[in-house]
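Q: A predicted structure for the sequence below; I have some questions about it.
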Amino acid sequence: MKSAKKKAIVGKICVYIILILISLLMIIPFLWMLSASIKTDKEVFQIPFVWIPENPRWDNYIRIWTKMPFLKYIGNTALLTVVVTFLQLLTSSFAAYSFAKLEFKHKNALFLAYIATIAMPWQVYMVPQFIMMSNVFHLNGKLMAMVCLQAFSAFGVFMMRQFYMGIPDELCEAARIDGMSEYKIYTNIMLPLSKPALSTLTIFTFVATWNDYLGPLIYLTPNKSNWTIQLGIKNTFIGQYSSEYGLLMAASVVSLIPVLIVFLALQKYFVEGIANTGIKG
Amino acid sequence: MSKAEGRKKMSKETRRTLVAYSFIAPNFIGFAVFTLIPVVFAFILAFTQWDGSNPIQWVGLGNFIKLFQDTFFLSALKNTIIYCIGTVPLTMIASLALAIVLNQKVRCRGLFRTISFFPYVASLVAVTAVWKMLFSKTGPVNAILYYVFHVPNNELPQWFVGGLVMVSYILFSVWKYMGYYMVIYLAGLQGISGEMYEAASLDGANTWQKFRSITWPQLRPTTFFVVVMLTINCFKVFDIATLLAGGDNNTLTPSSTVLVHYIYQQAFVNWEFGYSSAVAMVLFVLVLIVTIIQFRGEARFSNS
């Protein structure tokens, strides 16, 4: 009996050791980023390595704002993220309500169009999309191109519909008998109930838009004043001959803060969202 | 039923349809214009030659014949597949192991979970910048190899050039995405009833035996889903390759290129829209094959 207890304790210790090792592996690049962001370029690769330099260069965090139009890039990214997230939530929950709770002609055919493109990677049609966007709508270099690109995803409609399917039909029926219009049912009943699903969609859209690189690279590269944070950091600091490591790391830290705040605030919904896609497939 | 009543009923139905369409319209118009039309266009473009300004030329299967004689394309295809073969099993094992550990009763479980998620939500531009510095020629990783493992100076690896570049992609990808798949596995683990483990304990099964005969078989649908998702995401890799190994203008070499990067390069550097779409079709076929396997697998799991 005693040996079994001993074994259990040894097992527990092993579990903690594994956990701490993995966590270190996960977090060390971030700690290193923080440390490098207050160093001079020489100190970054200095040996022996120190976490906090003797004279922390806090002014790295000031210089990044003048080194490039950082505020402008943050503004662009924030605007884009807010508009895309808002449009995404509004239009997909709207459409999803119809697919989940209303009966109408061609419903299945329309829904099939959405389903079919979920399995289609954006990378397959990004080139014709770009041609259309620049030749027909003349949106090349404009933030509007990014909005059109990201605001109407099939994924959002699909996810919201799954959620609405779980809400009993009787709720809508009762409201209809009371003479409520469909628009009223949507705003007064469905929308308040769908807070968890909306939160999940918010965080997914927010993180994806904020961190997007390929989209802005294709559309916004020629127009410097519309660059997003990711494009700005990449094009200002990361190149064959640039070696401003301290500044690069300081800018990276600043670019991570908004996503981390949103993530920590909505973490529960994020985890639930991923877990649900895993179960339902 | 009188005629008037019939008309009234029909108009009611029409009204209902109109209301339903009004809900769908804002999303569907955007979706149709910016997604459906380009998708159809992509299939046509693959059989043409077009630089965007001169008239489109129909070339039939010409692009595809050219593709399979194009050594750069073949490298991109090969690299993407190597990347898949390395990333999929490693990420799966790492995320499963982490999920099993985090499914135990441990202190600070939430904290550990949050930490393993950090890499997933952090932007690729920022984290690849850190990795490039950590693994640079004079960076900390090589310093450890030099001082601790006494690897001679001239044998220190260059992580983002030549043969090692794929290893770097794979390691980075596992680090970045294991937290995401861990959550899927955690959900799967929570679906296994504790009674099975209790019964196994009574029979004297050890931890490994419990894993072999309960956890692994019970998680088969989850593992299947994880492998499918991972494979599709590996096919789509672009940012990791471009940001880790890309030159000043996002250029990649035959040893570091991947499919989506070749699509990007043919379209936006060489202005070969038709040829680039032919590469995109190869990507589409790869993803389609995995999706068909997924549908078949899911049908099997839901039957059993």
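A: Now that the structure is in, tell me what you want to look at.
Q: would you map the helices across the stretch 1-150 of chain A?
A: Taking DSSP state H, counting those that start in this stretch to define them, one finds helices in the stretch 1-150 of chain A at A:2-36, A:41-44, A:60-67, A:70-101, A:107-118, A:122-135, A:143-150.
Q: no wait, the stretch 101-250 of chain B
A: Going by DSSP H, counting those that start in this stretch, the stretch 101-250 of chain B shows helices at B:109-121, B:124-134, B:140-147, B:165-190, B:194-202, B:207-210, B:216-218, B:220-235, B:239-245.
Q: residues of the third one that come out buried?
A: Buried residues in helix B:140-147, counted by 16 or more other Cβ atoms under 10 Å in any protein chain shown: B:140, B:142-143, B:146. For glycine as for every other residue, the C-beta is placed from the backbone atoms N, C-alpha and C.
Q: tilt between that helix and helix A:2-36?
A: For helix B:140-147 against helix A:2-36, the angle by axes from the mean of the first three to the mean of the last three Cα atoms, to 10 degrees is 110 degrees.
Q: and for helix B:140-147, what's in contact with it?
A: A:32, A:45, A:47, A:49, B:134-136, B:151, B:153, B:156-157, B:159 (Cβ atoms under 8 Å, 6 or more residues apart in numbering or on different chains).
Q: which one (most neighbours) among those residues?
A: The most crowded member of these, judged by other Cβ atoms under 10 Å in any protein chain shown, is residue B:159 (23 neighbours).
Q: surely that one and residue B:134 touch.
A: No - when contacts are counted by Cβ atoms under 8 Å, residue B:159 is not listed as touching residue B:134 (9.1 Å).
Q: am I right that residue A:236 sits in a strand?
A: No - the assignment for residue A:236 (DSSP: H, G, I helix; E, B strand; the rest coil) gives helix, which keeps it out of a strand.
Q: that one against residue A:68, yeah?
A: Yes - counting by Cβ under 8 Å, residue A:236 touches residue A:68, with 4.4 Å between them.
Q: coming back round to it: switch the helices of the stretch 101-250 of chain B over to CSV; also include mean pLDDT.
A: What follows is the helices of the stretch 101-250 of chain B, written out as CSV (pLDDT from 0 to 100):
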stretch, mean pLDDT
helix B:109-121, 89
helix B:124-134, 93
helix B:140-147, 90
helix B:165-190, 93
helix B:194-202, 89
helix B:207-210, 88
helix B:216-218, 92
helix B:220-235, 92
helix B:239-245, 94
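Q: could those helices be laid out in CSV, adding distance to residue A:82?
A: Below are the helices of the stretch 101-250 of chain B laid out as CSV (distance: least, Cβ to Cβ, whole Å):
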stretch, distance to residue A:82
helix B:109-121, 18
helix B:124-134, 20
helix B:140-147, 38
helix B:165-190, 24
helix B:194-202, 44
helix B:207-210, 49
helix B:216-218, 43
helix B:220-235, 27
helix B:239-245, 23
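Q: quick one: which of those is nearest residue B:97?
A: For those, the distance to residue B:97 is smallest for helix B:165-190, at 8.9 Å, taking Cβ to Cβ.
Q: now the angle between helix B:109-121 and that closest one, please.
A: Here helix B:165-190 points in a direction 140 degrees away from that of helix B:109-121 (the same axes, to 10 degrees).
Q: ok, and for helix B:165-190, which residues are buried?
A: Under the neighbour-count rule (16+ other Cβ under 10 Å), helix B:165-190 has B:165-166, B:168-189 buried.
Q: next one: stretch B:219-229
A: For stretch B:219-229, using 16+ other Cβ under 10 Å, the buried residues are B:219, B:221-229.
Q: stretch A:232-252 now?
A: Going by 16+ other Cβ under 10 Å, stretch A:232-252 has these buried residues: A:232-238, A:244-252.
Q: can you pull the contacts of the residue nearest in space to the middle of chain A?
A: In chain A, the C-alpha closest to the average C-alpha coordinate belongs to residue A:207, at a distance of 1.3 Å (Cα atoms, centre = their mean). Shown in contact with residue A:207 (Cβ under 8 Å, 6+ apart): A:259, A:262-263, B:121.
Q: can you get me a residue count around residue A:34?
A: Around residue A:34 there are 14 other residues, counting by other Cβ under 10 Å.
Q: what does residue B:150 give?
A: Other residues close to residue B:150 by other Cβ under 10 Å number 7.
Q: tell me the spacing between it and residue A:179.
A: According to Cβ to Cβ, to the nearest Å, residue B:150 stands 83 Å off from residue A:179.
Q: quick revisit: just so I know, which of the helices of the stretch 101-250 of chain B lies nearest residue B:103?
A: helix B:165-190 (4.7 Å).
Q: low pLDDT regions in the stretch 1-150 of chain B?
A: The model of the stretch 1-150 of chain B has pLDDT under 70 over residues B:1-10.
Q: no further questions, thank you.
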